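1. Pasting the sequence and the predicted model now:
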Amino acid sequence: MTRWAAQTKGFPIVAALLLVAACGLGAQAPGTVPLAPALPKPTFEGTPIDVRSPHREAYRGDGVPPPPLLVPADTRLLSRGCAVTASDTRAKRLDLALVTDGDKQYSPSAYLELAPGVRWIQLDLGTNAEISAVCLWRERPEQCVYRDTVVRVSDDCAFGSGVTTLFNNDDDNSAGLGKGADKEYYEDHFGRRIAGRGVRARYVRITSGGNTSNPYNHFTEVEVYGR
């Protein structure tokens with residue numbers, strides 16, 4: 001028996017786990033907390049459809065929350081009531097305002113619908129900010145997966161320069177914004193929590209290309225957190 005084995009023989013498992021945590025493996029970074037946005041009630045209840053996609057992430061299970069997203073402890077909501085624009089010129093101002101009004105619960109009159117095809121919405125935070133997370137709610141009565149979801153941020157309102165991509169699950173570049181490595185996912189009442197990684201920007205643009213139920217693009221609520 002080696003000297004190390006003799007010293008660690010019978011070493012409690014709990015102590016070993018504490019040792020791993022002390023080494024920083026799986027430990028929560030100092031000054032961070034799990035993001036905990038308020039959640040709406042579930043809209044869809046039932047067995048998810050079998051979406052044929054080579055890059056869809058595994059279904060977590062009914063009512064199973066997503067993994068925690070850690071953000072700085074002083075993170076706050078930045079987007080409530082901020083101005084929203086869209087690539088669909090037919091979108092009305094009152095409908096665009098639904099995206100940041102704080103109402104995440106699905107109802108036929110509480111979401112923004114954009115025309116078929118690749119469309120985007122854009123939030124103006126009003127000032128350059130350090131972005132910790134972008135959260136999307138697009139749950140509908142029928143289980144669905146939205147295609148070509150791309151989340152980008154910039155200080156340029158036209159997104160012609162200084163653009164950072166936070167999320168991209170367009171695996172074939174059909175939206176023309178580059179091929180993404182992220183996975184498609186089932187929409188649910190937990191929303192999608194996308195890490196902002198502390199990137200500084202004023203504008204947040206979210207692109208989609210329809211969904212597995214119909215060709216339209218929907219947004220019930222978008223929340224941007226940061227400081």
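-> Arrived safely.
2. Hmm, residue 144 and residue 213 touching each other?
-> Yes: if you go by CB atoms under 8 Å, residue 213 and residue 144 touch, sitting 4.4 Å apart. The C-beta positions use only the backbone N, C-alpha and C, and glycine is treated the same way.
3. More neighbours: those two, which one.
-> More crowded of residue 213 and residue 144, by other CB atoms under 10 Å: residue 144, with 21 against 15.
4. Can you give me every residue that contacts the more buried one?
-> 49, 186, 187, 211, 212, 213 (CB atoms under 8 Å, 6 or more residues apart in numbering).
5. Hmm, the fourth one is touching residue 218, no?
-> Yes: counting by CB under 8 Å, a contact exists between residue 211 and residue 218, whose distance comes to 7.5 Å.
6. Mind listing the shared neighbours of the two?
-> What both residue 211 and residue 218 touch, as defined by CB under 8 Å, 6+ apart, is the set 138, 140, 146.
7. Neighbour count, pLDDT and distance to residue 96 for those - can I get that in CSV?
-> Below are the shared contacts of residue 211 and residue 218 laid out as CSV (neighbours: other CB atoms under 10 Å; pLDDT from 0 to 100; distance: CB to CB, whole Å):
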residue, neighbour count, pLDDT, distance to residue 96
138, 24, 97, 15
140, 17, 91, 19
146, 23, 96, 18
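8. Can you tell me which of those comes closest to residue 39?
-> residue 138 (13.9 Å; CB to CB).
9. How about the contacts made by that closest one?
-> Contacts of residue 138 by CB under 8 Å, 6+ apart are 111, 146, 187, 192, 211, 218, 219, 220.
10. who touches the second one in this structure?
-> Contact analysis of residue 146 by CB under 8 Å, 6+ apart lists 138, 184, 187, 208, 209, 210, 211, 212, 217, 218.
11. now, which of those residues lie within helices?
-> Among the contacts of residue 146, none falls in helices (DSSP state H).
12. Tell me the most packed of the residues you listed, by neighbour count.
-> residue 217 (29 neighbours).
13. What's the separation between it and residue 101?
-> 18 Å (CB to CB, to the nearest Å).
14. picking up where we left off before, which residue in the contacts of residue 144 has the weakest pLDDT?
-> Within the set of those, pLDDT is lowest for residue 49 (77).
15. these two touch, right, residue 87 and residue 96?
-> No: using CB under 8 Å, residue 87 is not in contact with residue 96, being 11.5 Å away.
16. which one of these two has more residues nearby?
-> Looking at residue 87 and residue 96 with other CB under 10 Å, you find the greater number of neighbours at residue 96, namely 20 against 16.
17. these two touch, right, the more buried one and residue 82?
-> No: the pair residue 96 / residue 82 is not scored as a contact, 10.7 Å apart, by CB under 8 Å.
18. Pull up the overlap in contacts between these two.
-> With CB under 8 Å, 6+ apart, residue 96 and residue 82 have no common neighbours.
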